[in-house]
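Q: Provided below for reference: sequence and predicted model.
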Amino acid sequence: MLSNFKNFLILKSDETNEEHLAKIEHYDTNNKKLQLRLIDDEKNLSYRKGSNINVLIPDSEDLYKFQTEVIYYDIIERILSITYPEEVEVIHRRKEKRFPLKLLIEAKIGESTLDSITFDISLSGLSFIAKTDKICHVGDYVEIQIKLEKSTIQDLWIKILNKRTINYMDKTYILYGGEFEDLNADLIDELLILLNENSINLIN
């Protein structure tokens, strides 16, 4: 399974409990080893040889997880070597952590377009607010564009799973919650980077 994966991994240190983003640089299938390059330039990264880490592998359908230890770490080049097992644990994507990020989005439902903001977001889905409960219904498919400062994440589709009334900024809104549908590898990568960058701001 791992030998076919070419995108980002999420590393979580048991010592610091921080999550870092890494790119697979090289496979050693004979010895079940991976060479990774850490790409979190804004973080103070430190991995001690022999320390335990959890590795999360996002796929288009599910999230995979395994625990391993650091074989080698080059602090200058940000290169990390780890071993990987034959079998990995599958985590259903609905169980992923949601971040309370307020991001500008454009939601397209049929011929109608709504400018809104997210209430929370994760790799499994997002929720957004609207002034009316007539914009869409549970079971509808909604096309989402996330409008970032310098770019846009496009071609996201969610299936509406629930809706409820909330009070936000002293006003009443409808909160729609949905799960992502048919995420490809590129979209997963974009969402991973978005969540990783914004999780730093939430911690700080």
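A: Nice, thanks for sending it over.

Q: show me what contacts the residue nearest to residue 39 when sequence neighbours are not counted?
A: In this structure, residue 39 finds its nearest non-sequential neighbour in residue 21, 5.3 Å apart by C-beta to C-beta, 6 or more residues apart in numbering. For every residue, glycine as well, the C-beta is placed using N, CA and C. Residue 21 makes contact with 8-11, 38-40, 192-193, 196 under the criterion C-beta atoms under 8 Å, 6 or more residues apart in numbering.

Q: show only the entries of these found in strands.
A: Among the contacts of residue 21, the members found in strands (DSSP state E) are 8-11, 38.

Q: neighbour-wise, give me the winner out of these.
A: residue 11 (22 neighbours; other C-beta atoms under 10 Å).

Q: now what about the lengthiest strand in the chain, what contacts it?
A: Looking across the chain with DSSP E, the single longest strand is strand 152-168. Here strand 152-168 makes contact (C-beta under 8 Å, 6+ apart) with 119, 125-126, 129, 133, 136-146, 172-183, 187, 190-191, 194.

Q: can you check stretch 120-128 too?
A: 58, 63, 93-101, 103, 105, 107, 116-119, 144, 158, 161, 175-180, 183, 188, 191-192, 194-195.

Q: between the two ends of that stretch, what distance do you get?
A: 7 Å (C-alpha to C-alpha, to the nearest Å).

Q: and the angle for the one helix or strand residue 190 maps to with strand 152-168?
A: Here residue 190, judged by DSSP states H and E, is contained in helix 185-203. Calculated by axes from the mean of the first three to the mean of the last three C-alpha atoms, to 10 degrees, helix 185-203 forms an angle of 50 degrees with strand 152-168.

Q: now for helix 185-203, which elements pack on it?
A: Applying 3 or more C-beta pairs under 8 Å, 6 or more residues apart in numbering; DSSP states H and E, one finds that helix 185-203 contacts strand 8-13, strand 19-28, strand 112-121, strand 152-168.

Q: mind telling me which of these the model trusts least?
A: When mean pLDDT is averaged over each of those, strand 8-13 scores lowest at a mean of 79.

Q: please compute how far it lies from its chain's middle.
A: From the chain centre to the centre of strand 8-13 is a distance of 11 Å (C-alpha atoms, centre = their mean, to the nearest Å).

Q: list the pairing partners of it within its sheet, with orientation.
A: Strand pairing for strand 8-13, using DSSP bridges, gives strand 19-28 (antiparallel), strand 52-58 (antiparallel).

Q: quick one on the thing from earlier: what's the closest of the helices and strands packed on helix 185-203 to residue 71?
A: Nearest of the helices and strands packed on helix 185-203 to residue 71, taken as C-beta to C-beta: strand 19-28 at 10.4 Å.

Q: quick one: buried residues of that closest one?
A: Applying a neighbour-count criterion of 16 or more other C-beta atoms under 10 Å, one finds 19-22, 24, 27 buried in strand 19-28.

Q: may I have it exported as CSV, CA atoms only?
A: What follows is strand 19-28, C-alpha atoms only, in CSV (Å, rounded to 0.1, in the frame of the first residue of the first chain):
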residue,chain,number,x,y,z
GLU,A,19,2.1,17.4,13.9
HIS,A,20,4.5,18.0,11.0
LEU,A,21,4.1,17.6,7.2
ALA,A,22,6.5,15.4,5.3
LYS,A,23,7.1,14.3,1.7
ILE,A,24,8.3,10.8,0.7
GLU,A,25,11.7,11.1,-0.9
HIS,A,26,12.7,7.4,-1.2
TYR,A,27,11.4,3.9,-0.6
ASP,A,28,13.6,1.0,0.6
